[in-house]
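Chemist: Predicted coordinates and the sequence they were generated for:
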Amino acid sequence: MNAIYMTTQGERFIERAYSEETRGALEQELNFLGLIQDPAQLEAQREICRQADYIFSTWGMFSLNEEELKTYFPRLKAVFYAAGSVQGFARPLLKQGVRVFSAFAANAVPVAEYTVAQIILAGKGFLQTMALYSSGGNHQAASSYCNGFPGNYGCQVGLIGAGAIGRLVIRMLKEYRLKVVVFDPFLSEEEAERLGVEKCGLERLFAESQTISNHLANNPQTAGMLNYGLFRRMKPNATFINTGRGAQVVEADLVRALREEPGRTALLDVTDPVEPVDPSGELCRLPNVFLTPHIAGSMAEEIRRMGEYMKEEYQAVAAGRAARFEVTEKMLETMA
């Protein structure tokens, strides 16, 4: 069987996602024909592409339309994607009967870890307390602000979305005595009970939760879904965390709610337009907004876990075993 690597980001990204050990294991089982970095290469590399049974990719996977798939990839059986979201390229592949596998579960791990860490810190008012104390050494002001927080015993956390990341956050939070409520129209009452959470409408979730964390699927239906009507309901010292997508937040509405109640906090790992954030914009000027440069997902050594997952998926498929991380068209409705 033949395979190729494919990413617009070049060989460096392949080596980041697929460690030397992982590549070595794959190359013992497959004949790798090369790396395709640009759709413009397809014609020049026609013979190589037409021999490919499998594509191994990571960030930078470009979309192939129906005509390109028929012309250049008549033998293609599957794409293994060592990264998270496949929304940008999966549908044409699936429509042509090409199987798609994603390391979304591997990428969910660091995002969930980041989220849980911030939820626990938010219960103690960590971010604003730290900023108050560090900026002027005013112990009294920092202590006074911090004392308005409930801590993490019996505190309510609201999760928006119960996909792969949301469910992993739920599982990790079981170590703490927190009440977890979830908004997700695709989550049944039976599944919510099995997960040990309570289903909740968005308005109530925003009004009653001490910390709110966004994990909505990234699709046109969720764009602008989190608006002033929700943000204005936040408690005076509630925290909003976004590791999902910036487009789901109406930024002006969030800013308005944060200005109206400076005790509220926003921790944003993603923004819209996508990073980098405008240094002259409102988000950089508000003292109750804390920005991180899209670091919740896999980074450094964590990235190699995604390539390892895809190697294991290929080996399962080759051996006729059930795959764990195959993506279907139905799944795309709720995936980030």
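Modeler: Arrived safely. Numbering: from 1, shown residues only.
Chemist: Residue 91 contacts residue 332, correct?
Modeler: Yes - taking contacts as CB atoms under 8 Å, residue 91 lies within contact range of residue 332: 6.8 Å. Backbone N, C-alpha and C define where each C-beta goes, glycine included.
Chemist: So if I had to pick from the two, which one is more boxed in?
Modeler: For residue 91 versus residue 332, neighbours defined as other CB atoms under 10 Å are more numerous around residue 332 (17 against 14).
Chemist: Tell me the confidence at the more buried one?
Modeler: Each residue has a pLDDT score; the one for residue 332 is 85.
Chemist: burial count for residue 17?
Modeler: By the other CB under 10 Å criterion, the neighbourhood of residue 17 contains 29 residues.
Chemist: Next up, the contacts around it.
Modeler: For residue 17, the set of contacting residues under the criterion of CB atoms under 8 Å, 6 or more residues apart in numbering consists of 58, 59, 82, 83, 303, 304, 306, 307.
Chemist: how about residue 168, what does it touch?
Modeler: Contacts here follow CB under 8 Å, 6+ apart; on that basis residue 168 touches 108, 109, 111, 112.
Chemist: Adding secondary structure, neighbour count and pLDDT, write the residues you listed out as JSON lines.
Modeler: Supplementary listing: the contacts of residue 168 in JSON lines, determined by DSSP: H, G, I helix; E, B strand; the rest coil; neighbours: other CB atoms under 10 Å; pLDDT from 0 to 100:
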{"residue": "108", "secondary structure": "helix", "neighbour count": "23", "pLDDT": "92"}
{"residue": "109", "secondary structure": "helix", "neighbour count": "18", "pLDDT": "94"}
{"residue": "111", "secondary structure": "helix", "neighbour count": "25", "pLDDT": "96"}
{"residue": "112", "secondary structure": "helix", "neighbour count": "24", "pLDDT": "97"}
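Chemist: Using a markdown table, lay out these together with distance to residue 67.
Modeler: Below are the contacts of residue 168 laid out as a markdown table (distance: CB to CB, whole Å):
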| residue | distance to residue 67 |
| --- | --- |
| 108 | 34 |
| 109 | 37 |
| 111 | 36 |
| 112 | 39 |
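Chemist: ok, so of these, who is nearest residue 282?
Modeler: Nearest to residue 282, judged by CB to CB, of the contacts of residue 168 is residue 111 at 25.3 Å.
Chemist: Check the offset of stretch 284-301 from the chain's centre.
Modeler: 13 Å (CA atoms, centre = their mean, to the nearest Å).
Chemist: can I have it written out in PDB, keeping just the CAs?
Modeler: Coordinates of each C-alpha in stretch 284-301 appear next as PDB, following Å, rounded to 0.1, in the frame of the first residue of the first chain:
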ATOM      1  CA  CYS A 284      -6.500  44.500  25.300                       C
ATOM      2  CA  ARG A 285      -7.600  47.600  27.300                       C
ATOM      3  CA  LEU A 286     -10.000  46.000  29.800                       C
ATOM      4  CA  PRO A 287      -8.400  45.000  33.100                       C
ATOM      5  CA  ASN A 288     -10.900  42.100  33.500                       C
ATOM      6  CA  VAL A 289     -10.000  40.400  30.200                       C
ATOM      7  CA  PHE A 290      -7.100  37.900  30.200                       C
ATOM      8  CA  LEU A 291      -5.800  36.700  26.800                       C
ATOM      9  CA  THR A 292      -3.700  33.700  25.900                       C
ATOM     10  CA  PRO A 293      -2.400  33.100  22.400                       C
ATOM     11  CA  HIS A 294      -4.400  30.000  21.400                       C
ATOM     12  CA  ILE A 295      -2.300  27.700  23.700                       C
ATOM     13  CA  ALA A 296      -5.000  25.500  25.100                       C
ATOM     14  CA  GLY A 297      -4.600  22.900  22.200                       C
ATOM     15  CA  SER A 298      -1.700  20.600  21.600                       C
ATOM     16  CA  MET A 299       1.700  22.200  21.800                       C
ATOM     17  CA  ALA A 300       5.400  21.100  21.700                       C
ATOM     18  CA  GLU A 301       5.600  17.400  22.800                       C
END
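Chemist: follow-up on the earlier one: out of the contacts of residue 17, who has the most neighbours?
Modeler: Going through these with other CB under 10 Å as the criterion, the one with the most neighbours is residue 82, at 32 neighbours.
Chemist: pLDDT score for that residue?
Modeler: What the model reports for residue 82 is a pLDDT of 97.
Chemist: remind me which residues of the stretch 201-336 of the chain are low pLDDT?
Modeler: Within the stretch 201-336 of the chain, the set of residues satisfying pLDDT under 70 is empty.
Chemist: can you give me the helices for it?
Modeler: Assigned by DSSP state H, counting those that start in this stretch, the helices in the stretch 201-336 of the chain fall at 202-208, 228-231, 251-260, 282-285, 303-318.
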